[in-house]
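In: Structure, please.
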Amino acid sequence: MAQDDINFASNGEAIFRDPYMEWATRQEIPIHLDFGHDLLALETKPWARYDARGCFAHTHGRGDFVANFVLEVEPARKTRPVKHLAESFFFVLSGNGSTTVWLPDGSKNTFEWGPKALFAIPLNCEYQIFNTSGHESARLSCTNDLPLALNHYHNEDFIFANDFKFPERVGPENRFQGEGDHSTYDRKKNAGRINMWETNFVQDLTAFKLYDLDTRGKGSRNVFFQLADGTMHSHTSEIPVGRYKKAHRHAAGTHVHAVTGSGYSLLWYEGDDKFVELPWRHGIMYTPPFWMFHQHFNTSDAPARYLACSIGSARYPFISLRRVSNEGGGSTSVKQGGRQIEYEDQDPRIHRKFLRAIKENNVASLMGDVFDEDAVMKLSEESLAGPIRTPELKGPAI
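Out: This is a model prediction of the structure:
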C-alpha cells in the first residue's frame, strides 16, 4: 500500500487502516489489480511465506471479505507447511501435484490432484502443496477470506500462528478422496431446486455431475458445493451450446473462473451507455462489482462451465444478500423484486451480439424459442443506440 493511499492524523499515525492490504504489501510479490485477470499469464515472484512463487490477483469488484492469489510451485518443488485462520479454496489452473493436510487429531491426509481440480483446506489446518511433475510448474488459484480475517482481528499472529483446532470442519476421511454427501432443497418463488455436494475435494470440475436449473436459462445446469463446512460459497454451472445465461446481479466478491468453453461476459450498471466485455476461456477470472448486472455467453461448440467462489455458503449465508440468493432472489425477475433480467426484458443488443458471435464459430442458436431472431438481426443501429435498456425494477432491491 502506497503512503499516498493512507490518511494520517497529526500525531503521524494512520487514521484509516486496511490490515489486509498492509499485510499483502509486505509479502513483496506482485499485486495485480484489474476488472479481471488471465491467471495463467500473471507475473509471479518468489513468496517467502510459501517458499514458492506467487502474486495477488485483486479485482475492482472483490468487495470487503474475499480476495484471490495465485500460487506457482515450480517443477519437483513443494511449498513450506502453512496454516491460517482463514478459509481458502484452491482451483488448479495447470499442473499435477498433491496436498498434505495435518488434521486436528494429529493424523494427516494426502490427496493427488490435476488440472481443474478444486479443494478446500479445513479452517486452520496446516497444509503443504507438492508439485509431482519434474518438468511443468503447477499453478493454483486461491480464493480466500483473508481480508475478512485480517481486517476484523488486525493481528497477524492470531491469523497465522494460532493453534486452535476446528475438528468439526474436517468431515469424514473420504472427503479428501472426492467422496461426499448429496442433498437438495427447493427455493422460494419457484426459483428451482438446488443440489448441494458436501466434500473437501472435487477431482475434476469438467466431469462432475451437474443438475438442471432452468431458472437461470434453459439447459443450464448447476451444483452447489459445501466445502470443509465453510462459510465461503462455491458452485459450478454449465451453459449449453447455442445458449447463454440470464443476466443478474448480487453482492461484491464473487470470483468467477472460466473452466471450459469459450465466449464472453457482459457487465453493466443500470443506466450505462456501454457494456463492459470480458473474454471467456480457461484461466480467466473476474469479480462483478456490487450490484452490477452481468451475463455469461457460450459461443463455442461445446458446453461451457465456470466456478464461482464468494462469501456466504449454502449452510452459512453470513450476509443477508447471500441468504436471499440461496432462497431464490438471484433467479427471480427484477420486475418481481428479484435480481434477474428475463430474456424477454433484456436489451435487444445483447441477443444480436450473441448471434453474430456464434455465427463466426459456425454454432447454431437454440434461442429461437425465446426470440424472433430474424427480426433481431434486422434492427437498425440507430434503433439500438442510447443507454442500455433494463426493465422497470420493482420490489426490494435485495
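In: check contacts around residue 289.
Out: Applying Cβ atoms under 8 Å, 6 or more residues apart in numbering, we find residue 289 in contact with 60, 61, 252, 267. Backbone N, C-alpha and C define where each C-beta goes, glycine included.
In: 10 Å instead?
Out: 35, 59-63, 249, 251-253, 267, 269, 276 (Cβ atoms under 10 Å, 6 or more residues apart in numbering).
In: Quickly note the distance from it to residue 276.
Out: As defined by Cβ to Cβ, to the nearest Å, residue 289 lies at a distance of 10 Å from residue 276.
In: now do residue 160
Out: For residue 160, the distance to residue 276 under the criterion Cβ to Cβ works out to 36 Å.
In: do the same with residue 27
Out: Counting by Cβ to Cβ, the gap between residue 27 and residue 276 amounts to 29 Å.
In: go on, residue 340?
Out: When Cβ to Cβ is the yardstick, residue 340 and residue 276 sit 19 Å from each other.
In: Compare those two and say which is more crowded by neighbours.
Out: Neighbour count, other Cβ atoms under 10 Å: between residue 340 and residue 276, residue 340 has more, with 25 against 17.
In: Tell me how many other residues crowd residue 223.
Out: Residue 223 has 21 neighbours, counted by other Cβ under 10 Å.
In: same question, residue 87
Out: For residue 87, the count of nearby residues is 27 (other Cβ under 10 Å).
In: if I look at it, how far off is residue 201?
Out: Where residue 201 is concerned, residue 87 sits at a distance of 15 Å (Cβ to Cβ).
In: do residue 376 as well
Out: For residue 376 relative to residue 201 (Cβ to Cβ), the value is 44 Å.
In: And those two? Which one has more around it.
Out: residue 201 (24 against 18).
In: Let's see stretch 170-185 as CSV, backbone CA atoms only.
Out: These are the backbone C-alpha positions of stretch 170-185, laid out as CSV (Å, rounded to 0.1, in the frame of the first residue of the first chain):
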residue,chain,number,x,y,z
VAL,A,170,-12.8,-31.8,8.6
GLY,A,171,-15.6,-34.2,8.0
PRO,A,172,-15.2,-37.9,7.1
GLU,A,173,-11.8,-39.0,5.8
ASN,A,174,-13.2,-39.9,2.4
ARG,A,175,-14.0,-36.3,1.7
PHE,A,176,-10.4,-35.7,0.8
GLN,A,177,-10.7,-38.5,-1.8
GLY,A,178,-13.6,-36.9,-3.7
GLU,A,179,-16.4,-38.6,-1.8
GLY,A,180,-19.2,-36.6,-0.3
ASP,A,181,-22.9,-36.2,0.6
HIS,A,182,-25.6,-35.1,-1.8
SER,A,183,-28.6,-33.1,-0.6
THR,A,184,-31.3,-30.9,-2.2
TYR,A,185,-33.6,-28.1,-1.2
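In: Quick one: the strands in the stretch 251-398 of the chain, in order.
Out: Assigned strands in the stretch 251-398 of the chain, in chain order: 255-258, 263-268, 276-280, 284-286, 293-298, 304-311, 340-341 (criterion: DSSP state E, counting those that start in this stretch).
In: Of the ones you listed, which is nearest residue 45?
Out: Counting by Cβ to Cβ, residue 45 lies closest to strand 284-286 out of the strands of the stretch 251-398 of the chain; the figure is 19.2 Å.
In: Tell me the neighbouring strands of that closest one, and mark each as parallel or antiparallel.
Out: Strands adjacent to strand 284-286 in the sheet, as given by DSSP bridges, are strand 36-38 (antiparallel), strand 255-258 (antiparallel).
In: In JSON lines: these, plus mean neighbour count.
Out: As requested, those are exported to JSON lines (neighbours: other Cβ atoms under 10 Å):
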{"stretch": "strand 36-38", "mean neighbour count": "20"}
{"stretch": "strand 255-258", "mean neighbour count": "26"}
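In: I'd like a version of those in a markdown table, one that adds distance to residue 128 and mean pLDDT as further columns.
Out: Below are the strands paired with strand 284-286 laid out as a markdown table (distance: least, Cβ to Cβ, whole Å; pLDDT from 0 to 100):
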| stretch | distance to residue 128 | mean pLDDT |
| --- | --- | --- |
| strand 36-38 | 26 | 97 |
| strand 255-258 | 24 | 98 |
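In: Redo these as CSV? Include distance to residue 106.
Out: Formatted as CSV, those follow (distance: least, Cβ to Cβ, whole Å):
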stretch, distance to residue 106
strand 36-38, 39
strand 255-258, 33
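In: Mind checking those for the one nearest to residue 130?
Out: Nearest of the strands paired with strand 284-286 to residue 130, taken as Cβ to Cβ: strand 255-258 at 22.4 Å.
In: With only the CA atoms kept, save the closest one in CSV.
Out: C-alpha atoms of strand 255-258 as CSV (Å, rounded to 0.1, in the frame of the first residue of the first chain):
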residue,chain,number,x,y,z
HIS,A,255,-14.8,-14.7,-8.1
VAL,A,256,-15.9,-16.3,-11.4
HIS,A,257,-13.4,-18.7,-13.0
ALA,A,258,-14.0,-19.9,-16.6
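In: what separates stretch 264-282 from the chain centre, distance-wise?
Out: Relative to the chain's own centre, stretch 264-282 is displaced by 16 Å; criterion: Cα atoms, centre = their mean, to the nearest Å.
In: Give me the distance between the two termini of that stretch.
Out: Using Cα to Cα, to the nearest Å, the end-to-end distance of stretch 264-282 comes out at 12 Å.
In: in that stretch, what counts as buried?
Out: Of the residues in stretch 264-282, those scored as buried under the neighbour-count criterion (16 or more other Cβ atoms under 10 Å) are 264, 265, 266, 267, 268, 270, 275, 276, 278, 280, 281, 282.
In: Touching both of residue 289 and residue 276, which residues are there?
Out: For the pair residue 289 and residue 276, residues contacting each of them under the criterion Cβ under 10 Å, 6+ apart are 35, 267, 269.
In: In TSV: the residues you listed, plus distance to residue 382 and pLDDT.
Out: Formatted as TSV, the shared contacts of residue 289 and residue 276 follow (distance: Cβ to Cβ, whole Å; pLDDT from 0 to 100):
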residue	distance to residue 382	pLDDT
35	30	93
267	25	97
269	24	95
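In: between the residues you listed, which is nearest residue 136?
Out: residue 35 (29.1 Å).
In: Tell me the secondary structure at the residue found closest to residue 147 once you drop the neighbours it is linked to in the chain.
Out: Spatial nearest neighbour of residue 147, chain neighbours left out: residue 20 (4.2 Å); criterion: Cβ to Cβ, 6 or more residues apart in numbering. Here residue 20 takes the helix state, with states given by DSSP: H, G, I helix; E, B strand; the rest coil.
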